[in-house]
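In: sequence and predicted structure below; questions after.
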Amino acid sequence: MKTIQDYNFKDKKALVRVDFNVPQDADLKVTDNTRIQAVKPTVEKILNDGGSVILMTHLGRPKGKVNPEFSLKSIVPEIEKVLGHEVKFCPDCIGAEAEEMASELKPGEILLLENLRFYNEEEAGDKDFAEKLAKLGDAYVNDAFGTAHRAHASTAVIAQFFPSTKFFGLLMAKELEAIDKVLKSGEKPVTAILGGSKVSTKITIIENILPAIDNLIIGGGMSFTFIKALGGQIGTSLLEDDKLPLALEILEKAKAQNVKVYLPVDTVVANEFSNDAERKEVDIYEIPEGWMGMDAGTKTRVLFNDVIMNSRTILWNGPIGVFEMPNFAAGTIALGDSIAEATKQGAFSLVGGGDSVAFVKQFGYADQVSYVSTGGGAMLESLEGKELPGVAAINN
Ligand code: AMP
């Protein structure tokens, strides 16, 4: 893996693709700066070498049109605060002004370009647009894991203009190493915990990770399709009817590859999909008519805990209950506790993809696991075994 550690940026202008697609409130104030913090080591390394940094990113979905609502100018103060450094801002990402500001940039300085997605050419992966961006820097650094699964101009296409000076940033390197630690070099036993609402969105992941894992824990909404396929009564729980044969197929494949599968044994059911619904705990195979499974039951929490405590490498994607409703969050909280405890005892734990990341942040587990991925879609596609365009562009 060619990272920025392999290069001295002295007197060089590094064009760094970052993912500053940060959430903002109605006054455009940044409400979560995790993505800015995540690239700080990369920026510092380049500046410490005596280089300068030109940051480029997208923000939101302006759909190829200039729109002040999506201007990166609004996040300059937050970037300056997090990086502890003045940040110059160019109101365009290509063209005469960008070229002038880039050429005047001195070692130790940072320049932020305006939203790449003000141009349709960005998402279209336009080569001419990529070349115009490329003109601004001496080296290209990709530190935008969150968009690494897109073959856009700034995330992939641009790399061809830097045949010998294209590098992974330190965040990208960390993300890729974490995935490798689970799927390639993970200390055994390796346990994957998959939850969330749908089997259909996780099938490719399951098939791809089976050869790398020893245990597969399936929880949350998606587990009911498996329980029904195995002959259980699931009431009004989430079900993907057309995936019943596939659920059995997955179980067969796991068995053939010596992967132990753990499904919930009990569940907290509700009489309606509401935090204020009536609740009770029942056997997962005997959910009464009119009731739906909303959270992992007590026995399930103990079962999952035992598996996790005996694991050396843990991958977690997807909540195992409707954690957004406080009355049905306890199962996912127990799971978070188990993973935190196993991590404390030396296991490597990676949390990635959408809702589980939201969960660990909201419930304070982010510092108690080994690594929380910053990229939802990119993380999921990596787990599916796909080579991400942003990664391929640097590697090839
Ligand atoms: P996904 O986007 O597929 O990872 O699913 C995440 C969502 O699954 C979260 O919003 C959870 O509330 C939901 N979820 C987890 N368990 C259940 C369940 N038993 N019934 C319905 N939804 C669930």
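Out: Okay, I see it. Numbers count the residues shown, from 1 in each chain.

In: what residues does the stretch 101-250 of the chain put near the ligand?
Out: By C-beta under 6 Å from any ligand atom, the residues of the stretch 101-250 of the chain that approach the ligand are 195, 196, 197, 198, 201, 220, 221, 238. To be clear about C-beta, it is placed using only N, CA and C from the backbone, and glycine gets the same treatment.

In: what about the closest residue to residue 126 other than its chain neighbours, how many neighbours?
Out: In space, not counting the residues next to it along the chain, residue 126 is nearest to residue 153; the distance is 5.5 Å by C-beta to C-beta, 6 or more residues apart in numbering. As a burial measure, the neighbour count of residue 153 was computed by other C-beta atoms under 10 Å and equals 28.

In: what's near enough to touch residue 153?
Out: Contact criterion C-beta atoms under 8 Å, 6 or more residues apart in numbering gives 116, 121, 122, 123, 124, 125, 126, 127, 129, 130, 133 as the residues in contact with residue 153.

In: one step back: can you flag the buried ones in the residues of the stretch 101-250 of the chain next to the ligand?
Out: When these are checked for burial by 16 or more other C-beta atoms under 10 Å, the buried set is 195, 196, 197, 220, 221, 238.

In: what secondary structure does the residue in the stretch 101-250 of the chain that the ligand sits nearest to sit in?
Out: In the stretch 101-250 of the chain, the residue that lies nearest the ligand is residue 196 (2.4 Å; C-beta to the nearest ligand atom). The assignment at residue 196 comes out as coil when based on DSSP: H, G, I helix; E, B strand; the rest coil.

In: so it makes contact with residue 355?
Out: Yes. Counting by C-beta atoms under 8 Å, a contact exists between residue 196 and residue 355, whose distance comes to 6.3 Å.

In: what is in contact with the two at once?
Out: Each of 318, 319 lies in contact with both residue 196 and residue 355 under the rule C-beta under 8 Å, 6+ apart.

In: redo the buried ones among the residues of the stretch 101-250 of the chain next to the ligand as CSV? Include pLDDT and distance to residue 388.
Out: CSV is the format used below for these (pLDDT from 0 to 100; distance: C-beta to C-beta, whole Å):
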residue, pLDDT, distance to residue 388
195, 95, 24
196, 93, 21
197, 92, 24
220, 97, 26
221, 97, 27
238, 97, 30
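
In: from those residues, which is closest to residue 47?
Out: Closest approach between these and residue 47, by C-beta to C-beta: residue 196, at 39.9 Å.

In: the closest one and residue 210, how far apart?
Out: Separation of residue 196 from residue 210 (C-beta to C-beta, to the nearest Å) stands at 18 Å.

In: before we move on, the earlier item: identify the farthest-apart pair in the contacts of residue 153.
Out: The largest separation in the contacts of residue 153, counting by C-beta to C-beta, is between 116 and 127 at 14.7 Å.

In: and these two? which has more neighbours close in?
Out: Just comparing residue 116 and residue 127: by other C-beta under 10 Å the higher neighbour count belongs to residue 116, 25 against 15.

In: hmm, residue 210 is touching residue 194, no?
Out: No. The pair residue 210 / residue 194 is not scored as a contact, 11.5 Å apart, by C-beta under 8 Å.

In: where along the stretch 51-200 of the chain do the helices fall?
Out: Secondary structure of the stretch 51-200 of the chain (DSSP state H, counting those that start in this stretch): helices at 76-83, 96-104, 120-124, 127-134, 170-183.

In: what helices or strands is the fourth one leaning on?
Out: Contact analysis of helix 127-134 by 3 or more C-beta pairs under 8 Å, 6 or more residues apart in numbering; DSSP states H and E lists helix 120-124 as its packing neighbours.

In: again, only using 7 Å
Out: Here helix 127-134 is seen to pack against no other helix or strand when contacts are counted using 3 or more C-beta pairs under 7 Å, 6 or more residues apart in numbering; DSSP states H and E.

In: could you do the first one as well?
Out: Here helix 76-83 touches helix 34-37, helix 40-49, strand 110-113, going by 3+ C-beta pairs under 7 Å, 6+ apart.

In: and the longest one, which residues are buried?
Out: What that stands for is helix 40-49. By 16+ other C-beta under 10 Å, the buried positions in helix 40-49 come out as 41, 42, 43, 45, 46, 47, 49.
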